[in-house]
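K.L.:
Pasted the sequence and its predicted model underneath.
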Amino acid sequence: MRTTPRHDPHISVAMATYNGEKHIREQLDSIARQTLLPCELVITDDGSADATLQIVEEFARHAPFPIAVIRNESRLGYADNFMKAASLCTGDLIAFCDQDDIWMEQKLQVCSGYLADPQVLLVIHTAQTFTHAGGLGHCYPKFSRSGILRWGACDPFSNHPAFAMVIKKTLLQFVDSSQRPARLHSHDHWLWFLAAGSGGIATISEILTLYRQHGSNVYGAPQRLTFAQRLRRTARTIDYDEVADSELQCSNLLAHAAEECPEFEAHLKDSAAKLEFRSKLHLLRTRIYRQSNQFLLRAGIFSQILLSGGYFPDSSGTRLGPYSGMKDLFLGVTGIYRLVRFIARS
């Protein structure tokens with residue numbers, strides 16, 4: 001016999017919708033089946049022209065929690081739409097919810113448990129892909145074990161999906177999201193960046209969401225790249241000026257956030273300094289690939305990065321890491337990158 005689920009007065013669900021009539025009812029029903037019910041569901045709709053809002057209104061009549069629906073006056077796009085939904089949530093914790101997935105019944109209960117740790121600002125769990133026909137696929141994201149990544153233990157620019165995240169609302173108060181740079185425009189990237197730069201992140205190996213794959217996904221689960229695709233990507237990424245500028249901008253944002261958030265001031269300042277260092281490393285990398293006819297100059301710049309520790313192994317995103325070192329040595333210093341670029345273009 002199923003026991004009556006209890007409500008958590010501190011956890012909100014933020015859902016961004018747009019023409020989701022095909023699958024949204026399944027997702028809404030899965031939220032209503034949670035063993036730990038949210039205090040509210042906040043939905044921001046980005047101009048749906050189908051029956052999405054009618055389905056929501058029908059569900060709201062008997063939903064076991066309050067539902068707030070906000071219709072955007074103009075299209076915001078998926079990232080800003082999610083950020084708006086999150087900003088309107090009243091709970092201390094916010095779970096991000098896509099309109100077409102299915103939650104496991106224990107999702108909110110498991111995730112909220114990890115957020116009881118005062119240093120943990122974001123929780124992310126394993127999810128499994130599936131199709132409308134019911135076929136299960138690979139796991140994305142996938143975490144081999146559950147645990148807590150303490151501050152400084154993860155790359156702030158890692159790519160993880162927000163549908164698998166639950167955050168503390170405090171995270172949204174560090175920096176105005178309208179100031180986020182293009183590199184972090186996606187709400188997924190932005191939230192991870194802020195959490196990695198300021199506090200701990202909990203990872204959960206348990207599958208807590210079924211991630212639907214269909215032709216209308218804004219972003220589906222990533223697929224493995226072919227050799228040709230990897231070659232083209234390598235050939236494109238040899239000018240790091242924009243990366244360096246972006247990292248310096250991100251450094252300045254964290255430094256400013258440190259002034260506004262005394263509880264996390266030390267972490268934010270240290271993260272800002274690390275990104276400033278990484279920005280300088282990327283400026284040096286750019287010079288390797290611009291010295292097309294000067295082998296000794298290329299070798300000298302490479303040595304400068306190497307001696308500064310820029311190619312050392314690193315999980316915090318401070319240094320470039322060994323893979324970048326191998327790429328710069330075998331493609332940049334040798335000049336082979338010119339041949340790779342030519343092959344990729346042909």
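P.N.:
Everything's here; your move.

K.L.:
can you tell me which residues contact residue 299?
P.N.:
Going by Cβ atoms under 8 Å, 6 or more residues apart in numbering, residue 299 touches residue 333. (Each C-beta comes from the backbone N, C-alpha and C, glycine too.)

K.L.:
Restrict the one helix or strand it maps to to CA atoms and write it as PDB.
P.N.:
According to DSSP states H and E, residue 299 maps onto helix 295-307. Provided in PDB are the C-alpha atoms of helix 295-307 (Å, rounded to 0.1, in the frame of the first residue of the first chain):
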ATOM      1  CA  PHE A 295      59.700  26.700 -34.900                       C
ATOM      2  CA  LEU A 296      62.000  28.100 -32.100                       C
ATOM      3  CA  LEU A 297      59.400  30.700 -31.100                       C
ATOM      4  CA  ARG A 298      56.700  28.000 -30.900                       C
ATOM      5  CA  ALA A 299      58.900  25.700 -28.900                       C
ATOM      6  CA  GLY A 300      59.800  28.600 -26.500                       C
ATOM      7  CA  ILE A 301      56.200  29.500 -25.900                       C
ATOM      8  CA  PHE A 302      55.400  25.800 -25.300                       C
ATOM      9  CA  SER A 303      58.200  25.600 -22.800                       C
ATOM     10  CA  GLN A 304      56.900  28.700 -21.000                       C
ATOM     11  CA  ILE A 305      53.500  27.100 -20.500                       C
ATOM     12  CA  LEU A 306      55.100  23.800 -19.400                       C
ATOM     13  CA  LEU A 307      57.400  25.400 -16.900                       C
END
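
K.L.:
Can you list the buried residues in that helix?
P.N.:
298, 299, 301, 302, 305 (16 or more other Cβ atoms under 10 Å).

K.L.:
Columns pLDDT on top of those, output as a markdown table?
P.N.:
Formatted as a markdown table, the buried residues of helix 295-307 follow (pLDDT from 0 to 100):
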| residue | pLDDT |
| --- | --- |
| 298 | 93 |
| 299 | 95 |
| 301 | 95 |
| 302 | 96 |
| 305 | 97 |
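
K.L.:
Which member of those residues is positioned nearest residue 20?
P.N.:
The nearest member of the buried residues of helix 295-307 to residue 20, counting by Cβ to Cβ, is residue 305 at 47.2 Å.

K.L.:
Next one: that closest one relative to residue 17, how far apart?
P.N.:
Distance of residue 305 to residue 17, computed by Cβ to Cβ, to the nearest Å: 46 Å.

K.L.:
what about the strands in this protein?
P.N.:
For the chain, the strands defined by DSSP state E occupy 6-7, 11-17, 36-37, 40-45, 67-71, 93-97, 102-103, 120-131, 136-139, 147-149, 165-168, 200-213.

K.L.:
helices or strands up against the longest one?
P.N.:
Okay, so that is strand 200-213. Other helices and strands packing on strand 200-213, by 3 or more Cβ pairs under 8 Å, 6 or more residues apart in numbering; DSSP states H and E, are strand 102-103, helix 107-114, strand 120-131, strand 136-139, strand 147-149.
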